[in-house]
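A.B. asks: Return atomic coordinates for the entry below.
(one chain, ligands or ions: 1)
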Amino acid sequence: MGLVAGFASHRGLVRQTNEDSFLVRKGLYVVCDGMGGARGGEVASQMACERLAALSPDSAGKDELHDAIADANDSIAARSVAEPHLLGMGTTLTSALIHDETVILGHVGDSRAYLLRGESLRQLTDDHSWVGEMVRRGELTPAEAAIHPHRSVITRALGTEGETAPDLLEIDLEQGDRLLLCSDGLSGMVSDEKIEEVLRRPDGPQAAADALVQAALGGGGEDNVTVVVVDFVTDDDQPGGVSDDIADDDAVTVGPADRGEERTSSVPGFMRPALGMGARLGRRPPLWARQTPAAASTAVGGGKPAHWSRRRWIVTAAVVVLVLALAVAAFAVFNSNVYYVGTADGMVALYQGLPATLLGIHLSSVVELGTVSYDSLAAYQRERVDAHDLIGKEDGQAFLRGLAALQ
Ligand code: MG
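C.D. replies: Below you'll find the predicted structure:
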C-alpha cells in the first residue's frame, strides 16, 4: 500500500505569527499547535515535531512513539523553565505513524485526526479540551461546544506539566482511506460536514489540504490553521501528492513556511522550514507568498487577534472609569462625614468636609454658625480653632456650645 500526502499551513487572517508546526515524512505525519507568549508557541510546536522526526516510521511502534512524545514533553518543559521568555509554552500534538497497513496515532491536546472511509468521516481523537470533556460527559452538545467561549481551553498539552499522558491508538487501514490531521484552526472554523465534503472530492491530498485551509480562511481564519492529508492508495502515482516531489522516502519536511523568520533544526538533516517548503515543492511558491493582500493587511497586533486587543483596550478603559467613579463616590461619602471647627464672617463655625480646596473647589461648607466671635477667644481657644482638627458633628456642636457657655 502506498502513501500520498498533502499539507498546508497558514497563519490565518488575524494572528500575526503562525505557532502551528507540522512534520511530513513518508509514514510519519505530525500536526502541533503551540501556545505561549513571546513566540513560545512556535518554539514548543517545532520542538515536538523535531523530536518525533527522529522516529523511524519503518520500525517504530507504540512504545517508541510514546517515548518520543514523553521526551518532547520533557524537553519543552525544561526549556520553558530555563528561558524566561518561553515560560509556560506548550503545544498540542497529533501524530500518525504508519506501516504495515496500520496507523498508530499519538495524541495530546485539541488538534484532531479524522478518517474518511468510504462515504463517512470519523473523528479518531478525543479533544483534550474543557468543552471536549463536557461533551463526553453529556453536559454540552457538540454544537454548543463549537461556539462556547471557553472552547480554546485545553486540558492536556506537551511542556506544561511534569508528565504527559498521550492517547495512543492503533487502527487498521483499508485501501482508499484518507487520513486528516489538523489544528483547531480548521476544526474551529469549519464544520465537520464541510470538512467531509472537501475530503470526499476526487482531488489529490494536496488539493484537499489547500481547499481545507481556504475553507478555514473563508470561515474567518481566526487562528493558525494546519492540515495534513494522507491517502492510502495502491501505488504512489496519484497526482497532486507530495510523494511525487519526494524521491527520497527518508526526506523530512517541516513547516510552516509563513512564520516570518528562518529557523535551524537540532536534528541532523532536518530541513529549515522556509527553505524546506520552497525547495521541496519546487514548482509552487511558499505558502507565505500566496497569502492574499487582505490577509496581510489584517494580520496585525502581537500574537493576539486584533479584535482581542481592541476589546482589551475597551475593557481597560471601562475598568479605569469604574475605579475612578468608585473612588469619587467613596471620597464623597468620606467627605460628608467629617467636620472641623473654623471661622466664618469672623464667627466660630462648624464646617462639614475637609479644610481644603481641590482644583479651586472648596471641599467643605458651613453647617452651623456659632454665636462666639473669633476675636473674643483666648489664645488657647484660637489655637484649637486654627488647628482645623477633623471631628464628628456632635463633638463640633458641643465645642460651639462650650465656647458660648464660657463667654
Ligand atoms: Mg490553534
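
A.B. asks: mind showing which ranges of this structure have poor pLDDT?
C.D. replies: Within the chain, the stretches with pLDDT under 70 are 1, 38, 235-250, 257-258, 260-309.

A.B. asks: and it, which residues reach the ion?
C.D. replies: Residues of the chain found near the ion (CB under 5 Å from the ion) are 33, 183-185, 223. Backbone N, C-alpha and C define where each C-beta goes, glycine included.

A.B. asks: can I get those in CSV with neighbour count and secondary structure?
C.D. replies: Listed next are the residues of the chain next to the ion as CSV, based on neighbours: other CB atoms under 10 Å; DSSP: H, G, I helix; E, B strand; the rest coil:
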residue, neighbour count, secondary structure
D33, 30, strand
S183, 31, coil
D184, 24, helix
G185, 30, helix
D223, 26, coil
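
A.B. asks: Nearest to G2 among those residues?
C.D. replies: For those, the closest approach to G2 (CB to CB) belongs to S183, at 26.0 Å.

A.B. asks: From M347, how far off is D126?
C.D. replies: For D126, the distance to M347 (CB to CB, to the nearest Å) stands at 83 Å.

A.B. asks: Do I have it right that G88 meets T160?
C.D. replies: Yes: assessed by CB atoms under 8 Å, G88 is found in contact with T160 at 7.2 Å.

A.B. asks: List the contacts of A157.
C.D. replies: A157 is in contact with 35, 90-92, 108-109, 128, counting by CB atoms under 8 Å, 6 or more residues apart in numbering.

A.B. asks: So which of those residues is the closest to G353?
C.D. replies: M35 (53.7 Å).

A.B. asks: Does C32 belong to a helix, a strand or coil?
C.D. replies: strand (DSSP: H, G, I helix; E, B strand; the rest coil).

A.B. asks: Does the residue nearest to it when sequence neighbours are not counted lie in a helix or a strand, and which?
C.D. replies: In space, and not counting its chain neighbours, C32 is closest to S45: 3.7 Å by CB to CB, 6 or more residues apart in numbering. Element membership of S45 [criterion: DSSP states H and E] is helix 40-53.

A.B. asks: In terms of secondary structure, what does the helix or strand that that helix is followed by contact?
C.D. replies: Per DSSP H and E, the first helix or strand lying C-terminal to helix 40-53 is helix 62-82. When contacts are defined as 3 or more CB pairs under 8 Å, 6 or more residues apart in numbering; DSSP states H and E, helix 62-82 packs onto helix 40-53, strand 90-91, strand 93-99, strand 102-108, strand 167-172.

A.B. asks: hmm, try it at 6 Å
C.D. replies: helix 40-53, strand 102-108 (3 or more CB pairs under 6 Å, 6 or more residues apart in numbering; DSSP states H and E).

A.B. asks: Tell me how many other residues surround A72.
C.D. replies: Counted with other CB atoms under 10 Å, the neighbours of A72 add up to 28.

A.B. asks: Quick check, it in contact with C49.
C.D. replies: No: counting by CB atoms under 6 Å, A72 sits too far from C49 to count as a contact (8.6 Å).

A.B. asks: separation between V319 and A329?
C.D. replies: 16 Å.

A.B. asks: picking that back up, does anything pack onto the helix holding S45? Which helices or strands?
C.D. replies: Under the contact rule (3+ CB pairs under 6 Å, 6+ apart), helix 40-53 is packed against strand 20-25, strand 28-35, helix 62-82, strand 90-91.

A.B. asks: export the contacts of A157 to a markdown table and tack on neighbour count?
C.D. replies: Formatted as a markdown table, these follow (neighbours: other CB atoms under 10 Å):
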| residue | neighbour count |
| --- | --- |
| M35 | 22 |
| G90 | 29 |
| T91 | 32 |
| T92 | 28 |
| V108 | 28 |
| G109 | 30 |
| H128 | 20 |
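
A.B. asks: so which of the residues you listed would you say is closest to L400?
C.D. replies: Nearest member of these to L400, counting by CB to CB, is M35, at 68.7 Å.

A.B. asks: which ones are touching the residue lying closest to the closest one once chain neighbours are set aside?
C.D. replies: Spatial nearest neighbour of M35, chain neighbours left out: G41 (4.8 Å); criterion: CB to CB, 6+ apart. Going by CB atoms under 6 Å, 6 or more residues apart in numbering, G41 touches 19, 34-35.

A.B. asks: One more: D71?
C.D. replies: Taking CB under 6 Å, 6+ apart as the test, what D71 contacts is R51.

A.B. asks: and it, how far is that from L158?
C.D. replies: Counting by CB to CB, the gap from D71 to L158 is 10 Å.

A.B. asks: Just the buried positions in the host helix or strand of L199, please.
C.D. replies: Under the criterion of DSSP H and E, L199 resides in helix 192-200. Using 16 or more other CB atoms under 10 Å as the test for burial, helix 192-200 gives 194-196, 198-199.

A.B. asks: Which single one of those residues is nearest to the ion?
C.D. replies: Closest to the ion out of those is I195 (15.6 Å), distances taken as CB to the ion.

A.B. asks: Contacts only, for that closest one.
C.D. replies: By CB under 6 Å, 6+ apart, the contact set of I195 is empty.

A.B. asks: and if we set it to 8 Å?
C.D. replies: Applying CB under 8 Å, 6+ apart, the residues contacting I195 are 114, 121, 180, 186-187, 212, 215.

A.B. asks: Between those, which sits nearest A404?
C.D. replies: S187 (84.0 Å).

A.B. asks: Please report how far that closest one lies from L97.
C.D. replies: Between S187 and L97 the computed distance is 22 Å (CB to CB).

A.B. asks: of those two, who's got more company?
C.D. replies: Using other CB under 10 Å as the criterion, S187 and L97 rank with L97 on top: 26 against 23.

A.B. asks: Following element in sequence after the longest helix anywhere in the chain, please.
C.D. replies: Of all segments of type helix in the chain, defined using DSSP state H, the longest is helix 306-335. Later in the chain than helix 306-335, the nearest helix or strand by DSSP H and E is strand 339-344.
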